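Student: coordinates only, no sequence provided:
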């Protein structure tokens, strides 16, 4: 990707949408809100998203790794942060010194954290995770008792303080078609685990179970804290229901080539696509290396010249082709890959359906070659006509503001 003054594409992140979504999630939740900013804020930028969420109702931040947590601290963010995936033999000292809370799913992890805390003369704040059915991370039911008893012993030694207990839902979005019974069973198992921990002498201040979908639709899961992930970024998380979330990212580009095509001519690798009529092809400088999924070839469309235009043929690593038909288009033509959808442009949900995946994968897959530009919370409306968000100079690319870019 050329320098920021010559970018062919960009991801426009509307921090006003992040602010709106945070406020909405906070208003519907009985507990505090943890803004999950793992994977660079689902591709939106962890630091700007975190700052915006904290200013609009979130009080916690959630990440996958200690590295992600320490990047937030290095940016000056002092809010409580929970990191939930690590190896038991890692050096936890930097995270402990930075005041990062750590999730614990096994005795080995707990012992490793306790040993680091003892050497550093610190008390580690941990959240014990119990597996209530997802069967990924989290202590299995048969291991929960031993983990709880060990945690209490380390508390008495002063190396650990159990600040929270938590688990993760299997089906809060209804994708299994059995959300009420499945979630109710997990709630019962979670409460049994909490009762056991309290009987063993633990006094956690925070219980948390709900993700975005449950935060919006199931108050029985809220407890003291809800973890807002995909909902924070404006993707409706419950199948068949809408809560007024605003999509935060618009992926845009400018066509670097416009060329005529005749009816019947093949386009892209293998000529799997043939033009139905005479028209014009647009070359879009985004491909699967940038997060535009190859699996959507043959089904996907983008917005150009006021309408959805089919992606012609296979999506390649660095580029793809649109069939603009009889529309009057040119080199430099604005193209919206996905956006809020208010004017008919495809949404990230459309692309997820075309690619046979979910919005999470699409958003986190937008690669580092695509610079991000931020619309401030309370600033210009990111959902304005996608063809006129910015002026474009065909000799330079998007006009740029350096302080608003990264990538």
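Tutor: Received, thanks. Bear in mind the structure is a predicted one, so any value in this text is a computation, not a measurement.
Student: CA atoms for contacts and neighbours, from now on please.
Tutor: OK.
Student: so what's the residue lying closest to residue 79 once chain neighbours are set aside bridging to?
Tutor: Closest residue in space to residue 79, ignoring its immediate chain neighbours: residue 60 at 6.1 Å, by C-alpha to C-alpha, 6 or more residues apart in numbering. Residue 60 has these beta-bridge partners by DSSP bridges: residue 34.
Student: surely residue 60 meets residue 77?
Tutor: No. Using C-alpha atoms under 8 Å, residue 60 makes no contact with residue 77, being 10.6 Å away.
Student: mind checking which of the two has more residues around it?
Tutor: Taking other C-alpha atoms under 10 Å, residue 60 and residue 77 do not tie; residue 60 has more neighbours (22 against 17).
Student: is residue 190 in a helix, a strand, or coil?
Tutor: helix (DSSP: H, G, I helix; E, B strand; the rest coil).
Student: how close does the residue lying closest to it once chain neighbours are set aside sit to residue 101?
Tutor: Excluding the flanking residues, the one nearest residue 190 by C-alpha to C-alpha, 6+ apart is residue 132, at 6.4 Å. Between residue 132 and residue 101 the computed distance is 21 Å (C-alpha to C-alpha, to the nearest Å).
Student: strands of the stretch 201-350 of the chain, start to end?
Tutor: Along the stretch 201-350 of the chain, counting by DSSP state E, counting those that start in this stretch, strands occupy 206-208, 225-228, 249-254, 257-261, 266-267, 273-274, 279-284, 301-304, 307-310, 320-323, 334-338.
Student: so which of these gets nearest residue 375?
Tutor: Among the strands of the stretch 201-350 of the chain, strand 249-254 comes nearest to residue 375, with 10.1 Å by C-alpha to C-alpha.
Student: next, the angle from the closest one to strand 334-338.
Tutor: 150 degrees (axes from the mean of the first three to the mean of the last three C-alpha atoms, to 10 degrees).
Student: in its sheet, what does strand 249-254 sit against?
Tutor: Strand 249-254 is paired, per DSSP bridges, with strand 9-14 (antiparallel), strand 334-338 (antiparallel).
Student: so can I have CSV of those showing distance to residue 351?
Tutor: Listed next are those as CSV, based on distance: least, C-alpha to C-alpha, whole Å:
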stretch, distance to residue 351
strand 9-14, 15
strand 334-338, 8
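Student: could I get those strands as TSV with mean pLDDT, mean neighbour count and distance to residue 84?
Tutor: TSV is the format used below for the strands paired with strand 249-254 (pLDDT from 0 to 100; neighbours: other C-alpha atoms under 10 Å; distance: least, C-alpha to C-alpha, whole Å):
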stretch	mean pLDDT	mean neighbour count	distance to residue 84
strand 9-14	98	25	26
strand 334-338	98	25	31
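Student: which one of the strands of the stretch 201-350 of the chain lies nearest to residue 126?
Tutor: strand 206-208 (10.7 Å).
Student: give me the contact list for the closest one.
Tutor: 163-167, 221-227 (C-alpha atoms under 8 Å, 6 or more residues apart in numbering).
Student: by neighbour count, which of the residues you listed wins?
Tutor: That'd be residue 226 among the contacts of strand 206-208, by other C-alpha under 10 Å, with 30 neighbours.
Student: can you tell me who it pairs with across the strands?
Tutor: With DSSP bridges as the rule, residue 226 is bridged to residue 33.
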